[in-house]
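A.B. asks: next one to model:
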Amino acid sequence: MAKEKQITIADLQFDDKNANRHTQKGLRLLEKSLQQLGAGRSIVLDKNNRIICGNGVVEVAGQIGLEKVRVVETTGDEIVAVKRVDLSLDDAKARELAIADNQTAKVGIEFDFDVLDDLSKEFNFDFAGKWELPDLSNFDDLPNLPEELQDIDILPNTLDRIEGDDVTLKKRIIITYPPEKEDEIKRLLGLKKITKVLYRLEEILEA
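C.D. replies: So this is what the prediction gives:
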């Protein structure tokens, strides 16, 4: 049987090699969810109260004054369920929590590939083969993002909507290239000129 005990956030230690840097949008949504809907999923600690999963949750919870932590001690051979006795799936709040949980998870991940690379070497992990992450061995030769894009969240699902966007999910790509390669890029994309940051597929096909 799992054992329970009560501690506070101050008793927890953040993961100093957390590979998820988190997106600002994800943290904002997480804060809104915790404030309006309360805590849902459990976090995961190691035996020394260091956070394995849920660093972002603890960070935001501390900022909004959610201090209490109920610890369920287990060895991984049973599912730990958070039972919200104040909620029912027949109610709007529970349904909203389910959607908020999915959305915060979707937009909250921004991998730090330097950390992933360090971890793969330290523990001999094959992230690409086991967890379908990008092959880190190919990252060394990639150019850095230009200065105007550094520290900006450019993941497809977190880009701000632009004029004319509808709610249909679309994938987006960002291409960077040196000025001397512009003619080659226009030829490859079939464009007469490059004047915008984002092109719709229809625009490229009609160019």
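A.B. asks: C-terminal to the longest helix anywhere in the chain, what's the next element?
C.D. replies: Determined from DSSP state H, the single longest helix within the chain is helix 92-107. Later in the chain than helix 92-107, the nearest helix or strand by DSSP states H and E is helix 113-123.
A.B. asks: now that following helix: buried residues?
C.D. replies: Residues of helix 113-123 classed as buried by neighbour count (16 or more other CB atoms under 10 Å): Phe113, Val115, Leu116, Asp117, Leu119, Ser120. From N, CA and C alone the C-beta is placed, and that goes for glycine too.
A.B. asks: quick one: average pLDDT of it?
C.D. replies: Here helix 113-123 scores 87 as its mean pLDDT.
A.B. asks: quick one, phi psi at Leu45?
C.D. replies: Phi and psi for Leu45, reported as degrees, to the nearest 10, are phi -110, psi 160.
A.B. asks: Asp11 is in contact with that one, correct?
C.D. replies: No: look at Leu45 against Asp11 with CB atoms under 8 Å: they stay out of range, at 9.5 Å.
A.B. asks: the two - which one has more neighbours?
C.D. replies: More crowded of Leu45 and Asp11, by other CB atoms under 10 Å: Leu45, with 21 against 11.
A.B. asks: can you show me the strands along the chain?
C.D. replies: Assigned by DSSP state E, the chain shows strands spanning 3-8, 44-45, 51-53, 68-73.
A.B. asks: Val58: neighbour count?
C.D. replies: By other CB under 10 Å, the residues close to Val58 number 19.
A.B. asks: from Phe125, how far out is it?
C.D. replies: Distance, Val58 to Phe125, by CB to CB, to the nearest Å: 24 Å.
A.B. asks: do the same with Ala92
C.D. replies: 42 Å.
A.B. asks: domain ranges for this structure?
C.D. replies: Taking automatic domain parsing as the criterion, the chain consists of the domains 3-110, 111-142, 143-207.
A.B. asks: and those domains, which is most packed in?
C.D. replies: Most buried of the domains of the chain by mean neighbour count (mean count of other CB atoms under 10 Å) is domain 3-110; its value is a mean of 14.
A.B. asks: now it: mean pLDDT?
C.D. replies: Domain 3-110 shows a mean pLDDT of 94.
A.B. asks: find the nearest non-adjacent residue to the spatially most central residue of the chain, please.
C.D. replies: With distances taken as CA atoms, centre = their mean, Ile109 lies nearest the centre of the chain, 1.1 Å away. Closest residue in space to Ile109, ignoring its immediate chain neighbours: Asn20 at 5.6 Å, by CB to CB, 6 or more residues apart in numbering.
A.B. asks: my read: that neighbour touches Glu110, true?
C.D. replies: Yes: using CB under 8 Å, Asn20 makes contact with Glu110 at a distance of 6.6 Å.
A.B. asks: gap between stretch 177-196 and the chain center?
C.D. replies: 31 Å (CA atoms, centre = their mean, to the nearest Å).
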